[in-house]
Structure formats: C-alpha cells, structure tokens
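In: Dropping the sequence and predicted coords here.
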Number of protein chains: 2
Amino acid sequence: MYNVNLQLLPPDELALRIAKVQHEMLAQQLDAVLLCDNANLFYLTGRVFCGFIYINVDGSIHYFVRRPSILLGDNVHHISRPDEIASLLPACSAIGLEVDTMPYSRVDRLLGLFPGATLGNASKALRAARAVKTPLEIHLMEESGIRQTAVYDKIPELYREGMTDIEFQIEIERELRLQGCLGQFRVTGPDLEIFMGNILTGENAYYQSPYDFAMGGAGMHPSLPVGANGTLIRPNMPVMVDANGNFNGYMTDMTRCYIAGTPSDIAYKALRLSNDICERIAEMAVPGARTADLYNEAVAMANAAGLGEYFMGYRHHAGFVGHGLGISINEVPVLAPRSREVLVANNAIAVEPKFVIPGTGAVGVENTYIVGETGAARRLTNANDDFGQLA
Amino acid sequence: MYNVNLQLLPPDELALRIAKVQHEMLAQQLDAVLLCDNANLFYLTGRVFCGFIYINVDGSIHYFVRRPSILLGDNVHHISRPDEIASLLPACSAIGLEVDTMPYSRVDRLLGLFPGATLGNASKALRAARAVKTPLEIHLMEESGIRQTAVYDKIPELYREGMTDIEFQIEIERELRLQGCLGQFRVTGPDLEIFMGNILTGENAYYQSPYDFAMGGAGMHPSLPVGANGTLIRPNMPVMVDANGNFNGYMTDMTRCYIAGTPSDIAYKALRLSNDICERIAEMAVPGARTADLYNEAVAMANAAGLGEYFMGYRHHAGFVGHGLGISINEVPVLAPRSREVLVANNAIAVEPKFVIPGTGAVGVENTYIVGETGAARRLTNANDDFGQLA
C-alpha cells in the first residue's frame, strides 16, 4: 500500500476555483461552506472521496476524509464520523450546506455541528462557481469532445441490417467504453435517471419521458422509462443518437442522426434547420446575451420554417433548447423562456434544437460550446453533422 | 398518442404494499406520507414517473403526475407545480417525507404545503416496508437471478488472452445488455456511484474505494475511483466479477471468480471458505436471527481458517458481510457487527464473504437469498461457484 496526495489540482487551478467559491460566499454572506456532494468534491480536488471539504470565506480549505485512508496532504484530516469535524473548525454564524442535493436528514445533522449558525445555500454558490469554466476545465471538455467525436464518426460501421434500436445502442456503448468512456452519466439531483444515453427511432420518439429531457422514448422497462424500446431500425427512418461523452469526469453532449437509406424531405429540412439553429445560437452566445433570447430565437427560426409544431417534441414540448454542463450533465445556465440568466465568458452550454415529426420520428443535432470573450461560441463536438449513412 | 393506466401493479399486490406502508405509518404516528423518490414510486406503481404519491394512513392513495401526461387512472391528478397538491389534500398534523433521500430544499418546500404539520420520516417507513418482499417481488428477483446466472455461466467464453480487466469488463457489460440487463445500478442516497459493476484482478484489489463496498479498486479515473484500472489479466491470477443484475427493476447481486490457469492453494482455500460461509449464513438466516450474529459467524469462520487477516479487505476491512437489496442495491437489513436488525421471512439479502490476499488479489463469491418461513434461506444466484476457467 502507498499514500497519495489528496489534492490533484495544480495550485494555481485550485486558487482560481477557491476564488470563485469565495466570491459567491461573499455575495451570500456565508462564513464558510461544508461540502460533500461528489461532483463538488471532484471540482475542488480532482478526485472523488468519502468525506467533506470545508472552505472558510478567508479562502482557507480543510479536507475531512473517511475513505480511502491513503489520501494525505496539507489540511487533510482523517475522521470516522462527521461529528469529529466540529472540534477542528472555528465557530461560524452562517454556514453554507448543499441544500439542493443533500438529503434533509444529513443537512439537519451537519447543521447541528455549527451551534447557532444560520443555514445558507452552498449548492447555489457551487453551481454559480462551476458554471464558469477554468482553462483546465475547458481543456478537459475539449478532450472529451474530441474522443466523443471519434466514436460518433465510427457509429455507421457499428450498424448491421435488421438491428433494433437497443441492439445498435449496445454496440455504441461498447465502442464508447473501448475508447475510454467512463460510462457514468453524472446528473445533479435525485430525479433524472439515465444509463449511457438514448437512441431513438420511429414512433418511440413520440413517447414522453418522465425526465426533463428534450426527447423521450418508452425505454426497455417501466423502471427506467426513457430511450430505446426495441424498435426495429427500418430503411429511410432516422435514428437519433445522444450518447455519453464522459471521458475524464467532464462531459460533452452531442447528438447526431443516422439513416439506412434516404431521409424524407421534411427530415432533411429539419436536420438542416437544427444545424442552422445551433450555428445561430452559437453566434448569439456572447457575454451579456440573455439565455431567454437564445431560446426565443430558436423558436422563431423553427416557426419561420414551418416546423414549430415539431420543435422540442410533438404535442409535448420540452421547455428549453439548451443547458449548462461540465461535471454534471444538468448545470446552469439553462436556455429557457423564463430564464433570467445572462451568459458570461467560459460558460459551457449544450444546444439541442430537436424535432419530433409524425411519420418520421426524432431529428436534430446537439452540440457543446464554450462561450468566448468575443465572437461566436466555440464548438467542441465536431462529428459529421449531416445524416450518417448506415450501410 | 395513447393513454395508459398509471398503476401497473395488480390490485392485490398494491393492497399488500399499501398495508405494509400503513403499518409503518401507524408505528410512526403519521397521518400521511408524500413520496417522490423514483425507487418508492416504482415500488408503489410498477413504474417511474415524474410526480408524487400521497398515502393517507387510512390506506387511500393519490397520484400527482407532472410527466408523462399519458398516465391516467383512479385518483390520478395532473399537476404543473408541486404547490397544486395542497388544495387537493386534507389538512394533516404529521406528514412523512423522504428526509433520507430528498434534498433539504425540496423537503422544506413540500413541508410548506402542510401548514402546522410536523415532519416525519417517510424514508424509514418505506425502507421498512420494502425490506420484506412480496410474492411478486420475489418472483421478479428470481427472474433477475436466472438471467444474471445465464450471463455469468457464459463469462469464460468472453475472455481472450492478453485482455486487461477493463477490456474483459466491457465484453461482460455487452453480454449483460444483450441478455436484457437494463444497465442502471440503482442505489439509495447521493454517495455511492458505480457504473455496471466491478472486475478486480491483481494488486488493484488492495486499493480502498471511497464507497461503502466490500472490495475496492482504483478505477479508470479519479472521478469514479472504483473497480477495474486497466490491469493485465495474468495467468494463475484470480479475476473477481461483481456485475449488474438488474433485468426488471429488481436486482440480484452475484460475485464469481475466474482464472486463466490454476489458483494458488490459498486462493483455492479462500474460495471454498467463501462458499462455505455463504452456505452457513444461509442456514442461519431464519426468521428471528440477529444479523449481527450472522456477521460474527462469518468472521469466526474466517479466523478459524486462518484467513481473518484477509477477510473483507486487507488492512482496511469493510464493516459488513451482506446487505439487503431489491429495487436498490443498498437496502436493509445490513449484516454488520453493530446492527440490531432481526431477520423476518421474505427479507432479500446478498451475502458476500470476500478475501483480499497479498500476492493473489481478490477472491470470494456473493449470492442473493430470500429468507424463508423455516429452513435455510433460498439462493437466487446459481452460477458455477468454483473458479470459472478462462481459456
């Protein structure tokens, strides 16, 4: 056995992330935050462990580790029970805890470690900090984008005539895994459940999922009612692939369409429009842009093309056209009509203008972008954006 | 589009489950529970949806559905926002919410729908109800056990000389998926993260995971530090496979060992002992047995055989030898030294007496059992329990 340094981030990178969190703590008048959400532990150390991170508003940081015991370093304390934390920390009058992801009973127990302290929202602070990516984070998302793109460009080779959607999906999952995809699809909160992504073809696309996704699908079983449902892939029928892009703890999100044969006119038109909307939103996605305006522009383009009825679902329409992402697939900002968010440089957003068309199924693309200082947002997901031809 | 009945459970089965929950509500003096955890929604309807289930202590039940809108039936109400629930429900003085899994901010918001009500622990009530399986649940677990067993018996055919642990794992994942495994590994709570299971070989087995698992492994990346880490599978070195048994929303848990060549004497001894401990615990697992006694018996057998040092880990030992399971992989009861739980008929437990041996790696089996009315617990996972021979 050997010991290793708990902290995997370079010192400059850590300082940058702590400064972001400090900024949000000051805005919320928090004396300190105590964190234990795996995504936040990963954000602040480059690894997941079992324990807690404490950040004081003065920028000092302490790590409380339950497992694994080999993790060492400055300000690393090994504990058996959470209540051992209290004696190691100064008193505080306002403590931030992850109230939006941690179970009620845990928050209640942890709050008891800070007698007399008021409870603040550390989820909000970390959500805001994580929404603006650092250079290292952008580098990792670029890497996931390149690796996900390489797999997507190989997808046509994985198809065999007579496959169902789930059989095709299984071969895509395997190829992703062979190319280093970690498999895990990290989501924030307890509601969203998904395995490695969705493959939709034919009428299955009309089935509304319980989850807050653009597209549905009945799934293979009512315990996980989303995505492929065993539909045979038929000639001239689009197949939409939205599969896992997590190669290093940071996810990119990409959707492409494939077809054995020739798309119908409306399918072809919808795919071109989806690409055009992505391009237009990327142009508009500059610092200061309102995310609601981006959503409204996408709807306006769909309506102008006569495809508004099919935009983001048929009969049931998802109420957004894009979302922030990074360590989790569902981060902020959200590109939605009632959003009041305004883009800033280094936001990472996935844009997914998709259409569900009766008789045709699901058609559309999705791309992941980094908002720049000036000019159009930069695309990280560069697979062929036309219909991929299935042999 | 078409409408479907929300409730998938047969009326008798639903009545049985509601009666169990009512029993726990009475014990906690709750007037009602309001549930939204996906596992609990699945338990009470046979499907996952986006919404809430309300159960009054008198046994009446209401379903509040946000998505999908096609779900209909008796006492099904469609809502857009959670606060629409309040006007549809009677006042109550003690409401149970899922405080052990639902985020603090959500519990806080839902509690506001019941002015003046005290907060009770619906997680505890559902955990207790779900620990005792119904005939239909046992049937579904039997089915998962049979299908998982069929895949495990095929595992030797998936091996090719020169494979790493992760390459072997990817082929096992694909075979599981082709045989209908849903992929999802449902866990309760926000801490445990895992993909489709763990394959461990060689020194990687000594690496302690952050999660509350018997075995560790460094994993392929520090964002998901568990399981296979790219180790080459070497001749005469055991490979332990603990992979996903979710074929219908109910999981069985099974571990088997494989080897290319011949196990060392100590590896062979440890595997026989692991099987013997499983058999002994199954004999002891009768209604009224204390789970702590089962744990202690396993430790005593490991010590008597001179393998205590390696039992449930080397240097770091997991503090349990088995766990309840069903819809989630981590249910009650837990077979642990400080547990005060007592078995009852129709508990489902996974028993995993495993060893980590320097120079050898991880060795052991795991089986899933149903506690009977009398006699030994019944095993649901029946793959060959000797070393599977890799070609």
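Out: Yep, that arrived.
In: for A:Lys269, phi and psi?
Out: Dihedral angles of A:Lys269 (phi, psi; degrees, to the nearest 10) stand at phi -60, psi -40.
In: Revised request: answer the last question for A:Asn121.
Out: Torsion angles, degrees, to the nearest 10, at A:Asn121: phi -100, psi 90.
In: same question, A:Phe52
Out: Per-residue torsions, A:Phe52: phi -140, psi 150 (degrees, to the nearest 10).
In: Okay, and A:Glu137 sits in which element?
Out: Under the criterion of DSSP states H and E, A:Glu137 resides in helix A:135-158.
In: Remind me what that helix packs against, helices and strands.
Out: helix A:165-178, strand A:239-243, strand A:255-259, strand A:348-351, strand A:367-370, strand A:388-389 (3 or more CB pairs under 8 Å, 6 or more residues apart in numbering or on different chains; DSSP states H and E). No exception for glycine: its C-beta is placed from N, CA and C like everyone else's.
In: redo that, cut-off 6 Å
Out: Judged by 3 or more CB pairs under 6 Å, 6 or more residues apart in numbering or on different chains; DSSP states H and E, the packing partners of helix A:135-158 are helix A:165-178.
In: Need the residues that contact the helix it packs on.
Out: Residues outside helix A:165-178 that contact it (CB atoms under 6 Å, 6 or more residues apart in numbering or on different chains): A:151, A:158, A:196, A:199, A:201, A:228, A:230-231, A:243, B:170, B:174, B:177.
In: Tell me the helix or strand right after that helix.
Out: The first helix or strand that comes after helix A:165-178 along the chain, using DSSP H and E, is strand A:197-201.
In: pLDDT wise, what is the most centrally placed residue in chain A at?
Out: Central residue of chain A (CA atoms, centre = their mean): A:Ile329, 1.4 Å from the mean position. Looking at A:Ile329, its pLDDT stands at 96.
In: list the contacts for it?
Out: Counted by CB under 6 Å, 6+ apart, A:Ile329 has contacts A:187, A:251.
In: Most neighbours among the contacts of helix A:165-178, which one?
Out: Tallying neighbours with other CB atoms under 10 Å in any protein chain shown puts A:Ile199 at the head of the contacts of helix A:165-178, with 29 neighbours.
In: Torsion angles phi and psi at A:Val334?
Out: According to degrees, to the nearest 10, A:Val334 has phi -110, psi 130.
In: On the pLDDT front, check it for me.
Out: With respect to pLDDT, A:Val334 has a value of 97.
In: cool, and A:Arg315?
Out: On pLDDT, A:Arg315 comes in at 83.
In: Check A:Ser144 too.
Out: Listed pLDDT for A:Ser144 reads 98.
In: Quick one: neighbours of it, just the number.
Out: Neighbour count of A:Ser144, defined by other CB under 10 Å: 26.
In: Could you do A:Ala86 as well?
Out: Burial of A:Ala86 is recorded as 13 neighbouring residues (other CB under 10 Å).
In: residues in contact with it?
Out: A:Leu113.
In: Nearest to A:Glu297 among the contacts of helix A:165-178?
Out: Using CB to CB, A:Ala243 is the member of the contacts of helix A:165-178 that lies nearest A:Glu297, at 27.3 Å.
In: Can you give me the distance of that closest one to chain B?
Out: For A:Ala243, the distance to chain B equals 12 Å [CB to the nearest CB, to the nearest Å].
In: Return the per-residue confidence for the nearest residue in space to that residue that is not next to it in sequence.
Out: Ranked by CB to CB, 6 or more residues apart in numbering or on different chains and with sequence neighbours excluded, the top spatial neighbour of A:Ala243 is A:Gly197, at 3.4 Å. A:Gly197 carries a pLDDT score of 91 in this model.
In: Could you do A:Tyr2 as well?
Out: If you check A:Tyr2, the pLDDT there is 67.
In: cool, A:Pro358 as well?
Out: Per-residue confidence (pLDDT) for A:Pro358: 94.
In: With the one 4 residues further on instead?
Out: Turning to A:Ala362, the model gives it a pLDDT of 96.
In: Next: A:Asp212.
Out: You'll see A:Asp212 listed with a pLDDT of 75.
In: domains for chain A, by residue range?
Out: Per automatic domain parsing, the structural domains of chain A span A:4-131, A:135-389.
In: so which of the ones you listed is the most packed in?
Out: With neighbours taken as mean count of other CB atoms under 10 Å in any protein chain shown, those reach their highest mean count in domain A:135-389, at a mean of 21.
In: residues touching A:Gly245, list them.
Out: By CB under 6 Å, 6+ apart, A:Gly245 lies in contact with A:144, A:148, A:251-254.
In: Would you mind giving both backbone torsions of the residue nearest to the centre of chain A?
Out: When read as degrees, to the nearest 10, the backbone of A:Ile329 gives phi -80, psi -20.
In: Under the pLDDT cut-off, which ranges of chain A? List them.
Out: Within chain A, the segments meeting pLDDT under 70 span A:1-2.
In: what residues does it put near chain B?
Out: Neighbours of chain B within chain A, by CB under 6 Å from any CB of the partner chain: A:38, A:42, A:47-50, A:67-68, A:99-101, A:103-105, A:107, A:170, A:174, A:177, A:182-184, A:193, A:195, A:208, A:210, A:221-225, A:249.
In: taking those one by one, which sit in strands?
Out: Among the residues of chain A next to chain B, DSSP state E puts A:50, A:67 in strands.
In: could you check the angle helix A:165-178 makes with the helix holding A:Glu137?
Out: Orientation check (axes from the mean of the first three to the mean of the last three CA atoms, to 10 degrees): helix A:135-158 against helix A:165-178 gives 130 degrees.
In: Output helix A:135-158 as CSV, nothing but the C-alphas.
Out: Presented in CSV, the C-alpha positions along helix A:135-158 are these (Å, rounded to 0.1, in the frame of the first residue of the first chain):
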residue,chain,number,x,y,z
PRO,A,135,-8.8,26.9,-18.6
LEU,A,136,-8.1,23.4,-17.2
GLU,A,137,-11.8,22.5,-17.2
ILE,A,138,-12.1,23.8,-20.8
HIS,A,139,-9.1,21.6,-21.8
LEU,A,140,-10.8,18.5,-20.3
MET,A,141,-14.1,19.3,-22.1
GLU,A,142,-12.2,19.7,-25.3
GLU,A,143,-10.6,16.3,-24.8
SER,A,144,-14.0,14.7,-24.1
GLY,A,145,-15.3,16.4,-27.2
ILE,A,146,-12.5,15.0,-29.4
ARG,A,147,-12.9,11.5,-28.0
GLN,A,148,-16.7,11.5,-28.3
THR,A,149,-16.4,12.8,-31.9
ALA,A,150,-14.1,10.0,-32.8
VAL,A,151,-16.6,7.4,-31.6
TYR,A,152,-19.6,9.2,-33.3
ASP,A,153,-17.7,9.2,-36.7
LYS,A,154,-17.4,5.4,-36.3
ILE,A,155,-21.0,4.8,-35.5
PRO,A,156,-22.1,3.9,-39.1
GLU,A,157,-19.6,1.0,-39.0
LEU,A,158,-21.4,-0.5,-35.9
